[in-house]
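Participant: whatever this is, show me its structure:
(chains A and B)
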Amino acid sequence: MPRAATTSDAFNAIAEPQRRRILTVLKGHERPVNDLARALRITPSRASKHLRVLRKVGLVRVRGVGQHRLYGLDASGLKPIHEWVGGFEQFWSESFDRLNEYVQELQQKENPGGIRS
Amino acid sequence: MASAHRSQTASDREIVVSRTIEGPRRLVFEAFTDVTHLAQWWGPNGFTTTTRAFEFRPGGVWDFIMHGPDGADFPNWIEWRDIVPPERIDYLHGERDGDPRAFASTVTLVELGTATEVTMRAVFKTKEQCDEVIERYGAVEGGKQHLGRLAAYVVTLVSGGG
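Facilitator: Numbering: from 1, shown residues only, chains lettered A, B, ... in the order given. This is a model prediction of the structure:
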């Protein structure tokens, strides 16, 4: 649910997890809104709302190709976030990956072959 | 997307990261409670830690250095504030004792059948603190140096990899 306040700056805009996922999806290549909505399993209207917020803060740009509107990352708007929040998330994302592996090890040591219910 | 992200209302001064861990909550919690465990997983790929002090109790401190893959060292100082086994850990995270830029973090563990959802929520004192940090990070220096350096490293990886 985008609120007016989320358009005040890029940092605000990406506080919303779904919008961060949109940026991740757009990282590889431009997409029309329907494509994006499908990839994220959200409605096109919801995707549009998020895209509007992201455009206002300069994280996403749009261009018309024929009848389509293609949305893509705006790298310049992303820079401060990439440098900070991106790093922070990366930190935890990778830590959690490692934690996941480590917990498997702990589980096997403790209870080889067994699964707790 | 296999991981079960819950929809959270993050305010303008919070950052929330969550992940589903394949294992019982009891074990995931345990991995946070002992430095021999933490040393095995804390930090991004390629990072290691050297612990100077560790005491897992409210008011206890984990004083450690993170070593980056490029050889850079980053001081870290964590004070545990509230611990509710096996579901929640509150702590302050800074670079040193009394760091005015230290921020509050909460780890919550939620059982999802045989898996566990871990959520890390960092809360900054003010939106201005967030903004200030962002600005400072443009030059990759200052307060959260370890994160800034890490971010620079990540940017290098991203731009290198296309």
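
Participant: and residue A:93, how many neighbours?
Facilitator: Using other CB atoms under 10 Å in any protein chain shown, residue A:93 is surrounded by 15 other residues. Quick note: C-beta positions are derived from backbone N, CA and C, even for glycine.

Participant: correct me, but it touches residue B:17?
Facilitator: Yes - taking contacts as CB atoms under 8 Å, residue A:93 lies within contact range of residue B:17: 6.4 Å.

Participant: quick one, what contacts residue B:26?
Facilitator: residue B:86 (CB atoms under 8 Å, 6 or more residues apart in numbering or on different chains).

Participant: quick one, strands of the chain?
Facilitator: Answering for chain A, as no chain was given. A:60-65, A:68-73 (DSSP state E).

Participant: wait, I meant chain B there
Facilitator: So, for chain B - with DSSP E - the strands run B:14-21, B:48-54, B:61-67, B:73-84, B:88-94, B:103-112, B:115-123.

Participant: could these go into TSV alongside distance to chain A?
Facilitator: Shown next, in TSV, are these (distance: least, CB to the nearest CB, whole Å):
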stretch	distance to chain A
strand B:14-21	4
strand B:48-54	11
strand B:61-67	10
strand B:73-84	11
strand B:88-94	11
strand B:103-112	10
strand B:115-123	5
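
Participant: rebuild those strands as a markdown table, extending it with mean pLDDT, distance to residue A:32 and mean neighbour count.
Facilitator: Output for the strands of chain B, formatted as a markdown table (pLDDT from 0 to 100; distance: least, CB to CB, whole Å; neighbours: other CB atoms under 10 Å in any protein chain shown):
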| stretch | mean pLDDT | distance to residue A:32 | mean neighbour count |
| --- | --- | --- | --- |
| strand B:14-21 | 80 | 29 | 20 |
| strand B:48-54 | 95 | 44 | 14 |
| strand B:61-67 | 93 | 42 | 18 |
| strand B:73-84 | 93 | 42 | 17 |
| strand B:88-94 | 93 | 41 | 18 |
| strand B:103-112 | 92 | 34 | 17 |
| strand B:115-123 | 87 | 32 | 20 |
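
Participant: make CSV from the ones you listed and add distance to residue A:69 to it.
Facilitator: Output for the strands of chain B, formatted as CSV (distance: least, CB to CB, whole Å):
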stretch, distance to residue A:69
strand B:14-21, 30
strand B:48-54, 47
strand B:61-67, 44
strand B:73-84, 43
strand B:88-94, 42
strand B:103-112, 38
strand B:115-123, 35
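
Participant: centre-most residue in chain A?
Facilitator: Residue closest to the mean C-alpha point of chain A, counted by CA atoms, centre = their mean, is residue A:21 at 1.9 Å.

Participant: ok, the closest residue to residue B:53 other than its chain neighbours to residue A:38 distance?
Facilitator: Nearest-residue entry for residue B:53: residue B:63, 4.2 Å, with adjacent residues in sequence omitted and distances by CB to CB, 6 or more residues apart in numbering or on different chains. Residue B:63 sits 48 Å away from residue A:38, taking CB to CB, to the nearest Å as the criterion.
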